[in-house]
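[1] Compute the structure for the input listed below.
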Amino acid sequence: MKINSKIKKRVVSKMVEFLARVESATRNEIVEGTIGLMGIKPTQGCAINPKSKYCTIKSYATTVLNDLLVKKDIKRQGDRYSLAREEFIIVHEDLVESEIRAYISDDLFTKEEIYSYLEEFFGTDTTASTRDDYSLRSIAGNILTNLCSKGEIELINGKYTKKSASESLQSLDTPLSENEFKPKFFKALWLRGGSFFESFVANLLEKYYSLNGKMVAYCEVSGGSNDGGIDIALKIVDYLGFTEKIKVQTKNRDKAQVTEKEVREFYGAMIAQKGSRGIYVTTTRFHQSAEDFIESVDDLVGIDGDKLFQLVKRTQYGIIKTAQGYQFDTEIFD
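    Predicted coordinates:
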């Protein structure tokens, strides 16, 4: 059975965690215990629905158990299973927490970067067994969750950082000149991630059209892994009653440019969903070939970072202009 590598790592981690708590367990106890530690509960009808989350993870857990048996990380005695007792590195929770605190600085780190650092620091990556790696990852994952709940670190756009680091970038209530404010504005957008940016752009466009005498019949955010290549859909109606179905794609990036391939894919999705116009919005820039393609068609526009900021200034959405300069609208950038 081919399974998602990210989910597999989590299943293995929770299975090892479960077995570490018990002397031994049956196959069914291990599978159900692993699912329980993952916070998944059986729902009504899931037993006859093989596509339910519970049934899917149960299949994953069975596959993982077999893999661990093959690798001899788990041993079987009769109908009961237990962790193999070969030599491996034991890590202590307090030492892991101390090292995480020292490692996470004002920079941004993914969970995988943190795990890789800890495995190298404690030496679990040098052992033949994977059990100590999974145990370390399980401990580290719980510590990261606890530190986030305490407000000591923050998860922003899929990356961890010190709480003070993100707050220092905000300057929410301090008026700044346009040159000073603009980079902070884009940093604030990027730190809040793709979902925030999708909603921000949707509200921005709705305000823009309203200010220009158009009625917004609907403005829906459909972003996510199953959005079909469209993040936002708007239906605009003018004074005479003519309508336009506008499809929008957003890219909230720190540096990378939008490629021609990405724009073409969006344009194809817009046509497939019968959009009358398309808008591609990015916080960075378009590659020259992407700009050339946008200019070659009449029903597609690209809004790069500079144009986006001009649109924000024009609509006064997300920012407040004062005599001293610009500052964030804290009702939006909470």
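[2] Show me the strands in the stretch 1-150 of the chain, by range?
    Here the stretch 1-150 of the chain has its strands, by DSSP state E, counting those that start in this stretch, at 25-26, 74-77, 80-83.
[3] How are the helices of the stretch 51-200 of the chain distributed by residue range?
    Counting by DSSP state H, counting those that start in this stretch, the stretch 51-200 of the chain has helices at residues 53-70, 93-103, 111-122, 131-150, 163-170, 178-211.
[4] And those: which comes nearest residue 259?
    Closest to residue 259 of the helices of the stretch 51-200 of the chain is helix 178-211 (C-beta to C-beta; 17.2 Å). Every C-beta, even on glycine, is put in place using the N, C-alpha and C of the backbone.
[5] what about the stretch 101-250 of the chain, any weak spots by pLDDT?
    For the stretch 101-250 of the chain, the stretches flagged by pLDDT under 70 are 106, 128, 163-172, 223-227.
[6] give me that answer again for 90
    The model of the stretch 101-250 of the chain has pLDDT under 90 over residues 101-110, 116-117, 119-135, 138, 145-175, 184, 187-196, 222-229, 238-239.
[7] measure residue 215 to residue 200 for me?
    21 Å (C-beta to C-beta, to the nearest Å).
[8] More neighbours: which of the two?
    Neighbour tally, residue 215 and residue 200, criterion other C-beta atoms under 10 Å: the higher count belongs to residue 200, 22 against 13.
[9] Could I get the contacting residues of the more buried one?
    With contacts taken as C-beta atoms under 8 Å, 6 or more residues apart in numbering, residue 200 has the following neighbours: 189, 318, 332.
[10] Need these in a markdown table (columns: neighbour count).
    Listed next are the contacts of residue 200 as a markdown table, based on neighbours: other C-beta atoms under 10 Å:
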| residue | neighbour count |
| --- | --- |
| 189 | 24 |
| 318 | 19 |
| 332 | 14 |
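[11] Save the residues you listed as TSV, and put in distance to residue 8 too.
    Output for the contacts of residue 200, formatted as TSV (distance: C-beta to C-beta, whole Å):
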residue	distance to residue 8
189	33
318	40
332	39
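[12] Go through those residues and name the one nearest residue 234.
    Top of the list for closeness to residue 234, among the contacts of residue 200 and by C-beta to C-beta, is residue 318 at 18.0 Å.
[13] What residues does that closest one make contact with?
    185, 200, 204, 312, 328, 329, 332, 333 are the contacts of residue 318 under C-beta under 8 Å, 6+ apart.
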